[in-house]
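Novice: heads up, no residue letters with this:
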């Protein structure tokens, strides 16, 4: 960092050659995240955390418009409570971090740091809900959770602590509960597409892959650059599983006591890992404009002789756009323009404006797009509008590229050979399936691919045969190797 | 709740007779917070969490305008790291919750759930900071922390988990570091006054009362209804204490290596407890308009015969104001108007608009202020502007009342007898002090009052004598019994 004529430390791996090495270098060298003193736990540095804040703000606004309110429940869960729903505890117990001591005392009962908060929240719901008048109850919390993974950690994708929202909603009837599904998946889909420029495949999970304790799970699945799947946000229909375990009952209008129907849903910081992986290139990160902490960087190019003229123009440009766009004027004398170009490219700032003597004379700026390297001259007076257009184009281009990657590597595979070939070549195989866990397991054993979900937008299992057993197919399933 | 003609469960204690009983009932019966399955840990229900969100959003905007960015560091801290600064560990170790197991494994090293994050954050800072070019570094995080209090818990005021911001800033020189103090205290003061309608006394802590590991601490102190003090937001000058313990060094422009200077600062959910205590009355909470999840409730008053006429007017009123103000139209048929009045008063909604047949005929609404019970008729066409004015008046009135309570119970006490009498009567005694811990301790032993801080706005220790030892006074100190 002290060599003003050099360059910041560049990424030495190519994304196309060694994706996983590229991914980690891109994250760490760009100062986006860092390792911490605790194995498997991450520091979210400002540009990364800013993205999470954007996700939070937009998602939360949409939750509120749809009647879902925020609350906050304790981080610690007594072991007794945690144990109350059997599928749930089986699913989470192997990854729980336990608090056993406080100060110099040993606790009488172990306390779980929440890996998810069903159990502590539903203990309150059981107290609060008495009558049909108390329903629906639709709460959400934004918090951090701990799941003590013993597998090799990967920054953002597999970490022992992550940030998320967890929605926990309660309804009088199954129909009302089910009607929330598309609302929530639409909110998450909107956030992915309009904020993060990420396409995804929404669909239902198979029973084998559903959430521990749920009746049915739904997810939005993304394709990573190595053509593996990664799960994005999800939504779960819990039916009455938890309400029966926790005694969440209400008296209906006819005076009859019934158990409530419940849903849960979540988006996590994992999606930021997918964003980095999918959009970035060999030079570093590419952050979609709507979530970039710095949307535009202005780099003045001057000598000792013309510094004041150049800076004068640069300041004017900064003034004309900084009220509308998150802009940095990088006037650090201690770094060369070349260093600055490399550094802001590594960090993924979507648009760079260069200003030298030529631009001073022409009353222009030279704009360089981070997504595709396009350079163009812009008349200074037209800046706010042109910049707005360019940021929109960058967003669309990032989305379209990611969409093209996913679409061109997703194949209908109506035979087992086609499925195996697709998985072997890398990609998503969408195949007819009879619905038996045996066939699903055989695919996993033979190919390493799992059922990511059963896409909503793919119809047509009618008349088709399960690719494994040949009996009548009930579903089209998206099979892929998965993070 | 099922008796539509009854009332919601009212608070049975009077604030003036039994403040602590009133406080707990006001919080719980209004559904503002609730106890949880973990002793000393609280559920923040939507109206409470909403206030925290407002505090967070406004404070964070001001942080960002002043160059302080958000990041997020791990929740768990390895014991070795936690132990590195001796005063700090002594101050916090007795209250640390320890994670010792994960899944079915025993951890090799205990991990502390952060009671505050200096140690985990500064471990990163030591890696990140190399040169003067890396400074200043001014980061903040919003998170929850755990301090395992063994004293009797009080909702929001003394809980084992609370939410806060923790700012951790790093500078090359002491002067730069110190110049941050008034910026941060002004931000917190603004949030207290303009959002929460809470007055406070800013000042410096005595050495005895400063933060564990700091050179100097500053706080804003509030007066509770029982005339005890409660500490609001604070700011700490840590000097080089932590930078030496954690090896946070930089090479300055002359090539010389130096340790950095650091500050920390925080506002916590405790302030919401103060807000409830200070503003509320015997009927329940009174939430200042700018942080009220529901600012205005419209209660229609109808019979079966005129329901449609009344609701028609009520809907028109709702439409005219709901875009500008957070408004609820309470059209629940299952509850009587009387029930609704009591419930919304209990919950502290600042303004109620009643609409019956008289208002339909007159094209008016009847407005009732929560803060002082004032009733007035408003012509429907003038609503948005009149409501805006009323909410402003409610905010000012709440602030003025709290200010009057504090001012009328704060007394200059130049003799030890006056100090003792003031503390005995209830209130803040502002007394000259020589600066010795011995005299400070004697006051505590004799009266139970501690030095809350040395107010900025009180001058004049010159020529005065310490109220305890009679030697020359160096400071005027605010003494009070304190939460």
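Specialist: Cool, the structure landed. Bear in mind the structure is a predicted one, so any value in this text is a computation, not a measurement.
Novice: beta partners for residue A:164?
Specialist: For residue A:164, the beta-bridge partners are residue A:143, residue A:268 (DSSP bridges).
Novice: Let me see the ranges of the helices in the stretch 301-450 of chain A.
Specialist: Assigned by DSSP state H, counting those that start in this stretch, the stretch 301-450 of chain A shows helices spanning A:307-321, A:337-347, A:357-362, A:383-408, A:416-425, A:437-447.
Novice: Now do the shortest one: which elements does it pack against?
Specialist: Read that as helix A:357-362. Applying 3 or more C-beta pairs under 8 Å, 6 or more residues apart in numbering or on different chains; DSSP states H and E, one finds that helix A:357-362 contacts helix A:307-321, strand A:364-369. Just so you know, the C-beta spots here come from the backbone N, C-alpha and C atoms, and that holds for glycine as well.
Novice: Please identify the most buried of the helices of the stretch 301-450 of chain A.
Specialist: helix A:337-347 (a mean of 20; mean count of other C-beta atoms under 10 Å in any protein chain shown).
Novice: now residue A:256: how far from chain B?
Specialist: 14 Å (C-beta to the nearest C-beta, to the nearest Å).
Novice: and the spatially closest residue to residue A:306 that is not a sequence neighbour, what does it touch?
Specialist: Distances taken as C-beta to C-beta, 6 or more residues apart in numbering or on different chains place residue A:357 nearest to residue A:306, at 5.5 Å, with adjacent residues excluded. Contact analysis of residue A:357 by C-beta atoms under 8 Å, 6 or more residues apart in numbering or on different chains lists A:301-302, A:306, A:309-310.
Novice: try residue A:399
Specialist: Here residue A:399 is in contact with A:193, A:197-199 (criterion: C-beta under 8 Å, 6+ apart).
Novice: Out of the residues you listed, who's the most crowded?
Specialist: Neighbour counts for the contacts of residue A:399 (other C-beta atoms under 10 Å in any protein chain shown) peak at residue A:197, which has 27 neighbours.
Novice: got the helices and strands packed on helix A:357-362 as JSON lines, with mean pLDDT and distance to residue B:252 columns?
Specialist: Formatted as JSON lines, the helices and strands packed on helix A:357-362 follow (pLDDT from 0 to 100; distance: least, C-beta to C-beta, whole Å):
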{"stretch": "helix A:307-321", "mean pLDDT": "97", "distance to residue B:252": "24"}
{"stretch": "strand A:364-369", "mean pLDDT": "98", "distance to residue B:252": "34"}
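Novice: Which single residue of the stretch 301-450 of chain A ends up nearest chain B?
Specialist: Relative to chain B, the nearest point of the stretch 301-450 of chain A is residue A:334 (5.6 Å; C-beta to the nearest C-beta).
Novice: Am I right that that residue is in contact with residue B:133?
Specialist: Yes. Between residue A:334 and residue B:133 there is a contact under C-beta atoms under 8 Å: 5.6 Å.
Novice: more neighbours, these two?
Specialist: Between residue A:334 and residue B:133, counted using other C-beta under 10 Å, the more crowded position is residue B:133 (15 against 12).
Novice: What pLDDT is listed against that one?
Specialist: At residue B:133, the pLDDT value in this model is 94.
Novice: just checking, it is part of a helix?
Specialist: Yes. Per DSSP: H, G, I helix; E, B strand; the rest coil, residue B:133 lies within a helix segment.
Novice: how far away is it from chain A?
Specialist: Per C-beta to the nearest C-beta, residue B:133 is found 6 Å from chain A.
Novice: Would you confirm that that residue contacts residue A:333?
Specialist: No. Applying C-beta under 8 Å, one finds residue B:133 not in contact with residue A:333, separated by 10.3 Å.
Novice: how many other residues sit next to residue A:37?
Specialist: Using other C-beta under 10 Å, residue A:37 has 20 other residues around it.
Novice: and it, what does it touch?
Specialist: For residue A:37, the contacting residues are B:74, B:77-78, B:81, B:120, B:123, by C-beta under 8 Å, 6+ apart.
Novice: per-residue pLDDT, the closest residue in space to residue A:446 that isn't next to it in sequence?
Specialist: The shortest distance from residue A:446 to any non-neighbouring residue, by C-beta to C-beta, 6+ apart, is to residue A:420 (6.8 Å). Note on residue A:420: pLDDT of 97.
Novice: what do you get for residue A:6?
Specialist: 66.
Novice: Same check on residue A:45?
Specialist: Listed pLDDT for residue A:45 reads 98.
Novice: so it makes contact with residue A:31?
Specialist: Yes. Here residue A:45 reaches residue A:31: they are 5.4 Å apart, a contact under C-beta under 8 Å.
Novice: more neighbours, the two?
Specialist: residue A:45 (23 against 17).
Novice: any idea how far residue B:470 is from the more buried one?
Specialist: To residue B:470, residue A:45 is 55 Å away according to C-beta to C-beta, to the nearest Å.
Novice: Same check on residue A:172?
Specialist: Residue A:172 is 73 Å from residue B:470, where distance means C-beta to C-beta.
Novice: Neighbour count for these two, which is higher?
Specialist: Remark: of residue A:172 and residue B:470, residue A:172 carries more neighbours, 18 against 12, as counted by other C-beta under 10 Å.
Novice: circling back: among the contacts of residue A:37, which ones lie close to chain A?
Specialist: B:74, B:77-78, B:81, B:120, B:123 (C-beta under 8 Å from any C-beta of the partner chain).
Novice: Least confident of those residues?
Specialist: Across the set of the ones next to chain A among the contacts of residue A:37, residue B:81 stands lowest in pLDDT, at 93.
Novice: For the stretch 151-300 of chain A, which residues are neighbours of chain B?
Specialist: Applying C-beta under 8 Å from any C-beta, one finds that the stretch 151-300 of chain A approaches chain B through A:161, A:163, A:251, A:293.
Novice: check contacts around the first one.
Specialist: With contacts taken as C-beta under 8 Å, 6+ apart, residue A:161 has the following neighbours: A:40-42, A:144-146, B:74-76.
Novice: if we can go back for a sec, want to try a markdown table for the helices and strands packed on helix A:357-362, with distance to chain B as columns?
Specialist: A markdown table is the format used below for these (distance: least, C-beta to the nearest C-beta, whole Å):
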| stretch | distance to chain B |
| --- | --- |
| helix A:307-321 | 16 |
| strand A:364-369 | 24 |
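Novice: TSV please, covering these and showing distance to residue A:435.
Specialist: Output for the helices and strands packed on helix A:357-362, formatted as TSV (distance: least, C-beta to C-beta, whole Å):
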stretch	distance to residue A:435
helix A:307-321	56
strand A:364-369	47
